[in-house]
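In: Quick one: sequence plus predicted model below, questions after.
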Amino acid sequence: MSVLAAPSLLAGPPGDCDNNGVVDAADVAAWYACFQGPLSPPGPGCECADLNGDGVVDMRDLALLQQLVLAGAPVQEAELAGLATTIYPYFEHVNAFNVGSPVQMAIDPFLMPGLVGKNVHIYVVADKSAAQWGSDPALVDVRGAPQSFTFSGASIQANTVTLSLGTLSANGGIALGLGYDVVIDVNKDGVLNGGDVIDGLSNGIGLHVLPDLTLDGPLATSSATYSGGTFLGQVTVWPTNLAALGPRPLVVISHGNGHQYTWYNYLQQSLASYGYIVMSHQNNTVPGIESASTTTLTNTDYLLANQATIAGGALNGLIDSSRIIWIGHSRGGEGVVRAYDRIFDGAWAPQNYTLDDIVLISSIAPTDFLGTASSNPHDVNYHMLYGSADGDVCGCPNNDVPQSFHLLDRATGTRQATYVHGADHNDFNCCGVNDFTGPAGTEIGRPEAQRVAKAVYLALIKHYVEGHQAAGEVLWRQYERFKPIGVAGATTVVSQFKPNPTTSASFVIDDFQVNGSPNFSSSGGAVSYNVLNLTEGLLDDNNTSFEWLVSDPMNGMTYARTTDYSRGVVFDWTLGTDRFIEWAIIPAGRDFTPYRHLSFRACQGTRHPETVAVLGDLVFTVTLRDASGTTSSMRIDAFGGGIEEPYQRTGYGVGAGWQNEFETIRLPLQAFRFNGSGLDLTNVVAVRFEFGTSYGAGRGRLGLDDLELTRE
């Protein structure tokens, strides 16, 4: 089986430089047009000429191309699995599916013209690695037999195929679900070989069916409660068969002020049943954050140093100290961030682990006592869980300390947030007082809040610690369209996700951090607009009220204090006239093909008249324009809901609506090419957001930040 460098998503086969679906003599001519001499990198539009993926176009690539012309096309990789949508782009290619839900696949005939008119067999097979496919290319359909299908040239809708109505198994044990590959067997010979198309070769698993993440996993657990002295009381839960599993990651839980370390058994049991060692410890929170951070640091060291004797040595040699996760709640949530900051700054030296061993930190409704310089997650993977009805660390506008989202926006690594409507501060432990503060009828209660928490933490740890691709989708896909099975349909969860801009090599179009003029983006391009009342600035409500006042354009923004640096833009539109804001793309950034998503975060402006006028998800349209003037547009609700309306909590001024809820929207770039749009992703000159009744909501108030192209 011949497999070359993986092509772009939904591109033609390797070597198909004229994109007609076949590799032939015309492609040799196209290759020569791209050849600029030895060691020359591929120019714009000539990426296909670099067949071996070494970054240069040379005679080695020509030799491969000649082999392809003589032997026929090799196996082609493409995204296939996903779900149909009711509006353009009519299909969403995804990796994760809940067990019991439908699974579909689709091809766009304009992007894969070589398949048009062909009758093929479509297989769903147990996932194999590239090496396994190389040694065993036989196709064995897990459903009993492949499907026969003839592709048409009409549209992606006409080439959407239902693969399963919910019968695929998710029983993968602690691996969290089961993976499958999807194969289009073009020559119908029952073998993966030349000319066939596969989703799930070098680009990972084609599709992944997940179990109910709110339920405990398959492993029995054991526990021990013990103490090593003052503020070294601990309760640890681990899988009973730990010795058979081998060393496993360590999760450390640091409780909040007035809480107890025995209050997180629901989370310890959930994670341990999936193979993790989970320790919750006494936390010295009363003096403040510095002492709380110290107990996180010392308790982590104590467990690692004394594993030979704790629980009769049941953990000895079986804790993977290179994969540590810290979770903290309230003051403990700030404490785990401060603990990392102290190691980062060189102010604390752990004895049995290092800074790099901390692979993930999560804060549940953290405080912000210490501020910008001291409570800083820096570049670690960082997550925040927060309930909108929190009556303790409330997010109130009159005090920086309870504004949890300061910590999130200080993170410079991959960061994400889970904002749960109707959950209060103590819903995320077993036994704290009910401090629900919100509209009657919106309280979701402790059991439901903990179902959300169990699903989120299992997905977080599987994704960041073990590289589980589908678990990552649980964290960023629109909750309206894809939520864990056990979470109630009426529960509202708003998610943020921003990959590490350095390690992920994102291209930031505008994050509003530089070029303070609204007429220029942070990447240096011109910005034009006719939206109303546009203001760029620090994401900090400038008074002590959530009541709408013209003098406070950043009303409801609780993402920065005055010493912080997180900036964004706000604006509005009203009935009668369609409006827009457009970013010109600088020449160096116009090739969008290396990226997967156009991503941004947005929120509605709490208590603003244009928000109050129509409470509900806010929808608008995103349009890309290339150098030839060709455009392609997509509504942001194509893959789920729009921008969530603020939780309708009252207090701190006239009106209803709590802190602004940023929500990340990720639009797949290749989908802008579906159904023959003609958009040239190699030369995109503008990104335009369009508002009004022609494009979605007729009126609204929007906050916006982090417009970027991401590779994941």
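Out: Okay, I see it.

In: Now the residue nearest to residue 413 when sequence neighbours are not counted: which helix or strand?
Out: Spatial nearest neighbour of residue 413, excluding adjacent residues (CB to CB, 6 or more residues apart in numbering): residue 379 at 4.0 Å. In short, each C-beta sits where N, CA and C put it, glycine included. Secondary structure assignment for residue 379, by DSSP states H and E: no helix or strand.

In: Let me see the confidence value for residue 379.
Out: Per-residue confidence (pLDDT) for residue 379: 97.

In: Quick one: residues contacting it.
Out: Residue 379 sits next to 411-413, 500, 502 when contact means CB atoms under 8 Å, 6 or more residues apart in numbering.

In: what two of the residues you listed are the furthest from one another?
Out: 411 and 502 (12.4 Å; CB to CB).

In: Which residue ranges of the stretch 351-500 of the chain form helices?
Out: Taking DSSP state H, counting those that start in this stretch to define them, one finds helices in the stretch 351-500 of the chain at 405-410, 446-466, 469-476.

In: correct me, but residue 55 touches residue 41?
Out: Yes. Using CB atoms under 8 Å, residue 55 is in contact with residue 41, at 5.8 Å.

In: my read: residue 58 touches residue 39, true?
Out: Yes. With contact defined as CB under 8 Å, residue 58 reaches residue 39; the gap is 6.8 Å.

In: For these two, work out which one has more neighbours and name it.
Out: Taking neighbours as other CB atoms under 10 Å, residue 58 and residue 39 compare with residue 58 leading, 16 against 9.

In: list the buried ones in stretch 279-295?
Out: If you call a residue buried by 16 or more other CB atoms under 10 Å, then stretch 279-295 has these buried ones: 279-285, 288-289, 291-295.

In: Quick check: can you list the domain ranges of this protein?
Out: 25-72, 77-210, 221-498, 507-710 (automatic domain parsing).

In: Need the ones you listed in CSV (columns: distance to residue 16).
Out: Output for the domains of the chain, formatted as CSV (distance: least, CB to CB, whole Å):
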stretch, distance to residue 16
domain 25-72, 6
domain 77-210, 8
domain 221-498, 27
domain 507-710, 15
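
In: which stretch among those domains comes nearest residue 17?
Out: With CB to CB as the yardstick, what comes closest out of the domains of the chain is domain 25-72 (3.7 Å).

In: so for the closest one, what's the average pLDDT?
Out: For domain 25-72, mean pLDDT rounds to 76.

In: in the stretch 251-400 of the chain, which spans are strands?
Out: For the stretch 251-400 of the chain, strands defined by DSSP state E, counting those that start in this stretch occupy the ranges 277-281, 319-329, 358-364, 382-387.

In: pLDDT of the first one, averaged?
Out: Pointing back at strand 277-281 there. 99.

In: next one: the last one
Out: Across strand 382-387, pLDDT averages out at 99.

In: ok, residue 435 to residue 176 distance?
Out: Noted for residue 435: a distance of 33 Å to residue 176, by CB to CB, to the nearest Å.

In: How about residue 35: what's its closest non-neighbour residue?
Out: Per CB to CB, 6+ apart, closest to residue 35 is residue 57, 5.5 Å.

In: Low-confidence stretches in this protein?
Out: Residues of the chain meeting the criterion pLDDT under 70: 1-13, 20-22, 24-25, 38, 66-73.

In: which residues touch residue 485?
Out: Contacts of residue 485 by CB under 8 Å, 6+ apart are 98-100, 211-214.

In: Out of those, who's the most crowded?
Out: In terms of neighbour count, residue 213 stands highest of those at 27 neighbours, by other CB under 10 Å.

In: Which secondary structure element is home to that residue?
Out: Going by DSSP H and E, residue 213 is not in any helix or strand.

In: One more: the one 10 residues further on?
Out: Secondary-structure element containing residue 223, defined by DSSP H and E: strand 221-227.

In: Report the strands that pair with that strand, each with its relative direction.
Out: The strands beside strand 221-227 in its sheet (DSSP bridges) come out as strand 233-239 (antiparallel).

In: Please point out which parts of the next helix or strand after the strand it pairs with sit buried.
Out: Scanning forward in sequence from strand 233-239 by DSSP H and E, the next helix or strand is helix 242-245. Residues of helix 242-245 classed as buried by neighbour count (16+ other CB under 10 Å): 242, 245.

In: Just the CA coordinates for helix 242-245, please, in PDB.
Out: Taking C-alpha atoms only, helix 242-245 is exported to PDB below (Å, rounded to 0.1, in the frame of the first residue of the first chain):
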ATOM      1  CA  LEU A 242      -3.600  -0.500  39.700                       C
ATOM      2  CA  ALA A 243      -0.700  -3.000  39.700                       C
ATOM      3  CA  ALA A 244      -2.000  -4.500  36.500                       C
ATOM      4  CA  LEU A 245      -2.500  -1.100  34.900                       C
END
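
In: now that helix, how far from the chain's geometric center?
Out: Mean C-alpha position of helix 242-245 versus that of the full chain (CA atoms, centre = their mean, to the nearest Å) differs by 31 Å.

In: Residue 41 against residue 58, yeah?
Out: No. With contacts counted by CB under 8 Å, residue 41 stays clear of residue 58, the gap being 10.3 Å.

In: Next up, the contacts around the residue nearest in space to the middle of the chain.
Out: Centrality entry for the chain: nearest residue to the mean C-alpha point is residue 476, 3.7 Å, by CA atoms, centre = their mean. When the contact criterion is CB under 8 Å, 6+ apart, the partners of residue 476 are 416, 495, 497, 664, 666.

In: try it again with 6 Å
Out: For residue 476, the contact set (CB atoms under 6 Å, 6 or more residues apart in numbering) comprises 495, 497.

In: What is the nearest of the contacts of residue 485 to residue 392?
Out: residue 214 (24.7 Å).

In: which residues does the closest residue to that closest one other than its chain neighbours contact?
Out: Counting by CB to CB, 6+ apart, the nearest residue to residue 214 once its immediate chain neighbours are dropped is residue 486, at 3.0 Å. By CB under 6 Å, 6+ apart, the residues touching residue 486 are 212, 214, 451.
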